[in-house]
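Q: for reference, the sequence and a predicted model appear below.
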Protein chains: 2
Amino acid sequence: MSADLVPETSVLAIASHVVYGHVGNKMATLVMQSLGCEVAALNTVHFSNHTGYRQFRGTRATAEEIRNLYEGLCLNYLTDFDVMLSGYAPSAAAVEAVGTIGQDLQRKAADRPGSFFWVLDPVMGDQGRLYVNDDVVPAYKSVIQYADLILPNQFEAEVLSGVQITSLSTLAQAITTLHATYNVPHVIITSVQLSKLSPFQENPSPPSTQNLLTVIGSTTRSNGTPRLFRIDVPALDCFFSGTGDMFAALTVARLREAVFSDPDSNLRNTKSWVSADEVSPAELPLAKATEKVLASMHDVLGKTIEARDKELASTGASGGDEDAKREHLRRTKAAEIRLVRNVRFLRQPTVEFKAKEWEGNL
Amino acid sequence: MSADLVPETSVLAIASHVVYGHVGNKMATLVMQSLGCEVAALNTVHFSNHTGYRQFRGTRATAEEIRNLYEGLCLNYLTDFDVMLSGYAPSAAAVEAVGTIGQDLQRKAADRPGSFFWVLDPVMGDQGRLYVNDDVVPAYKSVIQYADLILPNQFEAEVLSGVQITSLSTLAQAITTLHATYNVPHVIITSVQLSKLSPFQENPSPPSTQNLLTVIGSTTRSNGTPRLFRIDVPALDCFFSGTGDMFAALTVARLREAVFSDPDSNLRNTKSWVSADEVSPAELPLAKATEKVLASMHDVLGKTIEARDKELASTGASGGDEDAKREHLRRTKAAEIRLVRNVRFLRQPTVEFKAKEWEGNL
């Protein structure tokens, strides 16, 4: 009956909450629960909807409110988390509060290596633009050293590494720098747009004309060098809010599963779940997990496009003075990720896109 | 693939949020999502844990914050809800704000009878004791007239009806009064402790010694008289926080399903989904829905007891000065409802306990 579920996992998820739609913790909670994880959801903002609508109402939690909620958990001995997933925090002070929570959980688990793992999504911006205050950047820079896995997008990887990613070799350099600067054992750079980088034509056979979305990941070796893998998936020609949160939540569940089914049965008791040096990049639990993550995402987003197109076809744009604004809202609503009725794609991913070792220099 | 899901349903759920555990919206959201409902979750409090732990941290939303979040939904045309489920609100002003939201949604749906349905759980107290401020009672009394279905427990039914329930006939009288006073078409009184009422021995065959939990429901006839049904389930000898929220959330999903599969295909387009007078109590969609609700609850709570006992056996009470307090916390944590890994019991209920017409006088 539980064949579709990952091993029992208790997660503390710290991210935003929206009343309507699926982003932040509203996305991550459902994704992880659907795979059998117990999720404690500490919400950093309480908004009516995601900001892609361009207008919203609601409140942000202060750093003190975040600390207080965690204190409530401590008071009641409710901190036996296997994993922490931290996402959007609304201020530098909030990032620091989340950092303190992560460090406290690590301290509590210090005598049981591998029993606690922190996945940090350094939500700061995208497409060359910060959407947080400038002081959030140094706050993340001081906190990331405590994380076990970070999930920056291409822009965030640039901000954190100081390396501008203009080619495949600078991409590899950015990951190497992230490992070295922050001593962070696992990195995945989500959504690399290789088509915008240097020429890339590894697989010229059809469908070579299709845009590829590339995910690059790495787990360090004991000498600090990266073990790079890549997975290419056909890019879907659209933008959905919440994909980063979905990726992170799926990664939590699938990485835990991969570590628990790893041939090295001691891996789960190894600090930060770092595989022995002889494990090749494509055989890393991180690579195996990412394959399943991307398979689920590809299917759910495909279903979302179908549903969006059907919804847009069935509801005409409204008349009135505010046509353009109303049309934006209609399209934004139609593009909400369709999760609840597609949970089977989370539970039973069909892996078509495999991880490959990547030399980083092509 | 979607055979286990109810018809597509968009729900606005207004209730409390806890970081850890499953009560309020944290329970209701997962339950309804698991059955395929899109859930917009408007949280009225943000607490670390449920109050059964006797200590918690967090904040309450003000009535203005609740109104603002709803305004955000309105601004973005995100109010096409099929159902509203309202639960705990932290003040009389918050109850009134929720009431205004319910009325606004009704107004928006006024030209499409049956397209919007409001399930109201008047959370005020239990076991003879109010756990809200006194002024919350009149706030509910002024709001309930707009609801389509209310879900009071025995104590709340007494408070709202003014009828003290000391016998089966006063129980029937309370329901009749609720229909009449508030013009509310559907009522379910959850968790009636018949053993404490007048002698009751309808079914003396084994296991007659087992305590029964009785749920009484009713849908009015066109003349305002109740159509009473009852369902008896074996009582589980324990208390779990969140059962009321679980009951309410399951009822939303299963009632919508029952109305959509009702032989009267026009029922879904009938105001408040009130069945024609010739439909007998046990054949009401409300009765059919409640059968499935109780089946799921019985199974999930049974699994919770198993897991609780296992957890309590494996972790000894700790030493130290605060033994009694720590033991209370340990037992409270162990009694958290086990939902995420038992979702199959929500999706595939096995109905063993059937609704029976009840005359209200034995």
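A: It's in.

Q: could you list every helix and strand in contact with the strand or helix carrying residue A:346?
A: Assessed by DSSP states H and E, residue A:346 sits inside helix A:343-347. If you count contacts as 3 or more C-beta pairs under 8 Å, 6 or more residues apart in numbering or on different chains; DSSP states H and E, helix A:343-347 packs onto helix A:24-34, helix A:285-314. In short, each C-beta sits where N, CA and C put it, glycine included.

Q: which of these sits closest to chain B?
A: Taking C-beta to the nearest C-beta, helix A:24-34 is the member of the helices and strands packed on helix A:343-347 nearest to chain B, at 4.9 Å.

Q: and the average pLDDT for that closest one is what?
A: Averaging pLDDT along helix A:24-34 gives 98.

Q: mind listing what the helix or strand hosting residue A:41 pairs with, with the direction of each?
A: Residue A:41 belongs to strand A:38-47 when elements are defined using DSSP H and E. Paired strands of strand A:38-47, with direction, are strand A:10-18 (parallel), strand A:58-60 (antiparallel) (DSSP bridges).

Q: out of these, which one sits most buried?
A: strand A:10-18 (a mean of 25; mean count of other C-beta atoms under 10 Å in any protein chain shown).

Q: could you list the low-pLDDT ranges of chain A?
A: Scanning chain A for pLDDT under 70 picks out A:1-2, A:194-210, A:316-322, A:361-362.

Q: got the residue ranges for the strands in it?
A: Using DSSP state E, the strands of chain A run over A:10-18, A:38-47, A:58-60, A:83-86, A:117-120, A:125-126, A:129-130, A:149-150, A:186-192, A:212-220, A:226-234, A:356-357.

Q: to residue B:360, which of those strands lies closest?
A: With distances scored as C-beta to C-beta, the stretch of the strands of chain A nearest to residue B:360 is strand A:38-47 (42.6 Å).

Q: please point out which parts of the closest one sit buried.
A: Buried positions in strand A:38-47, judged by neighbour count with 16 or more other C-beta atoms under 10 Å in any protein chain shown: A:38-47.

Q: looking at the residues you listed, spot the one nearest residue B:192.
A: Nearest to residue B:192 among the buried residues of strand A:38-47, counting by C-beta to C-beta, is residue A:38 at 32.0 Å.

Q: how about the spatially most central residue of chain A: what's its closest non-neighbour residue?
A: Taking C-alpha atoms, centre = their mean, the centroid of chain A lies closest to residue A:248, which sits 2.6 Å from it. Distance criterion C-beta to C-beta, 6 or more residues apart in numbering or on different chains; nearest residue to residue A:248, sequence neighbours excluded, is residue A:121 at 4.7 Å.

Q: and for residue A:9?
A: Closest residue in space to residue A:9, ignoring its immediate chain neighbours: residue A:37 at 4.5 Å, by C-beta to C-beta, 6+ apart.

Q: who's in contact with the one you found?
A: Under the criterion of C-beta atoms under 8 Å, 6 or more residues apart in numbering or on different chains, the neighbours of residue A:37 are A:6, A:8-11, A:252-253, B:340.

Q: buried subset of those?
A: Among those, those classed as buried by 16+ other C-beta under 10 Å are A:6, A:9, A:11, A:252-253, B:340.

Q: identify the farthest-apart pair in the residues you listed.
A: With C-beta to C-beta as the measure, no two of the buried ones among the contacts of residue A:37 lie farther apart than A:252 and B:340, at 13.7 Å.

Q: count the residues that sit near residue A:309.
A: 12 (other C-beta atoms under 10 Å in any protein chain shown).

Q: should've said residue A:34
A: Around residue A:34 there are 27 residues (other C-beta under 10 Å).

Q: the residue nearest to residue A:9 and residue A:18, how far apart?
A: Applying C-beta to C-beta, to the nearest Å, the value for residue A:37 to residue A:18 is 20 Å.

Q: related to what we said a few turns ago, mind putting the strands paired with strand A:38-47 in a markdown table, distance to residue A:83 included?
A: Listed next are these as a markdown table, based on distance: least, C-beta to C-beta, whole Å:
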| stretch | distance to residue A:83 |
| --- | --- |
| strand A:10-18 | 5 |
| strand A:58-60 | 25 |
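
Q: nearest to residue A:66, of those strands?
A: Short answer: strand A:10-18, nearest of the strands paired with strand A:38-47 by C-beta to C-beta, at 7.4 Å.

Q: measure the closest residue in space to residue A:311 that isn't next to it in sequence to residue B:77 for me?
A: Among residues not flanking residue A:311 along the chain, residue A:334 sits closest, at 4.4 Å (C-beta to C-beta, 6+ apart). Residue A:334 sits 11 Å away from residue B:77, going by C-beta to C-beta.

Q: more neighbours, the two?
A: residue A:334 (17 against 14).

Q: give me every residue that touches that one.
A: Contacts for residue A:334 (C-beta under 8 Å, 6+ apart) come out as A:307-308, A:311-312.

Q: top of those by number of neighbours, please.
A: Within the contacts of residue A:334, neighbour counts (other C-beta under 10 Å) peak at residue A:308, which reaches 20 neighbours.

Q: and the residue lying closest to it once chain neighbours are set aside, how far is that from residue B:70?
A: If the residues on either side of it in the chain are set aside, residue A:308 comes closest to residue A:334, at 4.5 Å by C-beta to C-beta, 6+ apart. Noted for residue A:334: a distance of 21 Å to residue B:70, by C-beta to C-beta.

Q: before we move on, what about residue A:255?
A: Residue A:255 sits 38 Å away from residue B:70, taking C-beta to C-beta as the criterion.

Q: higher neighbour count, those two?
A: Neighbours were counted for residue A:255 and for residue B:70 using other C-beta under 10 Å; residue A:255 has more, 28 against 25.

Q: now that one: how far from residue B:267?
A: From residue A:255 across to residue B:267, the span is 48 Å (C-beta to C-beta).

Q: tell me which residues touch the residue of the stretch 151-300 of chain A at minimum distance from chain B, please.
A: The stretch 151-300 of chain A approaches chain B most closely through residue A:253 (11.2 Å), counting by C-beta to the nearest C-beta. Residue A:253 sits next to A:6, A:9, A:31-32, A:35-37 when contact means C-beta under 8 Å, 6+ apart.

Q: same check on residue A:180?
A: By C-beta under 8 Å, 6+ apart, residue A:180 lies in contact with residue A:224.

Q: which residues does stretch A:300-319 contact?
A: Surrounding stretch A:300-319, the residues in contact under the criterion C-beta under 8 Å, 6+ apart are A:236, A:238, A:240, A:243, A:246, A:323, A:326-327, A:330-331, A:334-339, A:342, A:345-346.

Q: stretch A:92-101 close to chain B?
A: No: using C-beta under 8 Å from any C-beta of the partner chain, stretch A:92-101 never reaches chain B; the gap is at least 11.3 Å.

Q: residue numbers of the stretch 101-250 of chain A in contact with chain B?
A: Remark: no part of the stretch 101-250 of chain A is in contact with chain B, using C-beta under 8 Å from any C-beta.

Q: count the residues that sit near the residue of the stretch 101-250 of chain A found nearest chain B.
A: With C-beta to the nearest C-beta, the shortest gap between the stretch 101-250 of chain A and chain B falls at residue A:101, namely 11.3 Å. Per other C-beta under 10 Å, the neighbour tally for residue A:101 reads 25.
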